[in-house]
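**Student:** turn this into a structure:
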Amino acid sequence: MSKVPNEAQSTYEGANGLLSRLTHVRKRSANQWSARCPAHDDKGPSLSIKELPDGRVLLHCFAGCAVEDVLGAISLDFGSLFPDTTDFQSSLRKPKLLTASQALELLNHESLIVSIVAHDIGVRKKFKPEDLDRVAKAYGRIAALRNEVNS
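**Tutor:** Just a heads-up that it's a prediction; the model follows:
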């Protein structure tokens, strides 16, 4: 059962805003803390808090309290755990794995393999299973490059 009050705050505060409302906060590692859970009579720190690189804040009560109850006990709601969607979505973009030059070199190599196999099909050459596996790998690499460029 959720205890979120009507006046719960729904603006993103990040880990610092959340931590300022908790008691017995201890830093466990970079961007990770423990604290007493405000949703139950906590004798020791059973609440785990972690801030992800994109700004999202994760909560887990090891005593079993629902996140809604934890947030409601400190007058917050889920909106306080997530940054603005535009910031959040831009942080999810993966960095490019290859430079343009590397991508072209890989594309040249893999397309050469596909071209050789296309020629061999034209002259009705028999294929070994490892040849077919290599063509499938070339196809996968070319598809991955296409996805990389389109992302």
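
**Student:** element containing the nearest residue to Leu19 once chain neighbours are set aside, please.
**Tutor:** Sequence neighbours aside, Val25 is the residue nearest to Leu19 in space, at 5.3 Å (criterion: C-beta to C-beta, 6 or more residues apart in numbering). For glycine as for every other residue, the C-beta is placed from the backbone atoms N, C-alpha and C. Per DSSP states H and E: Val25 is located in strand 23-29.

**Student:** domain assignment for the chain?
**Tutor:** 14-91, 100-150 (automatic domain parsing).

**Student:** tabulate those domains (a markdown table), appending mean neighbour count.
**Tutor:** Shown next, in a markdown table, are the domains of the chain (neighbours: other C-beta atoms under 10 Å):
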| stretch | mean neighbour count |
| --- | --- |
| domain 14-91 | 16 |
| domain 100-150 | 12 |
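
**Student:** redo those domains as TSV? Include mean pLDDT.
**Tutor:** Converted to TSV, the domains of the chain look like this (pLDDT from 0 to 100):
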stretch	mean pLDDT
domain 14-91	88
domain 100-150	87
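
**Student:** can you map out the helices along the protein?
**Tutor:** Remark: helices assigned in the chain by DSSP state H are 14-19, 67-73, 85-91, 100-122, 129-150.

**Student:** export these as TSV, with columns for distance to Gly79.
**Tutor:** Listed next are these as TSV, based on distance: least, C-beta to C-beta, whole Å:
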stretch	distance to Gly79
helix 14-19	11
helix 67-73	9
helix 85-91	11
helix 100-122	39
helix 129-150	32
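
**Student:** indicate which one of these is closest to Glu51.
**Tutor:** helix 14-19 (3.8 Å; C-beta to C-beta).

**Student:** which other helices and strands contact the closest one?
**Tutor:** strand 32-36, strand 47-51, strand 57-61 (3 or more C-beta pairs under 8 Å, 6 or more residues apart in numbering; DSSP states H and E).

**Student:** Gly17 is nearest to which of these?
**Tutor:** Per C-beta to C-beta, nearest to Gly17 of the helices and strands packed on helix 14-19: strand 57-61, 8.9 Å.
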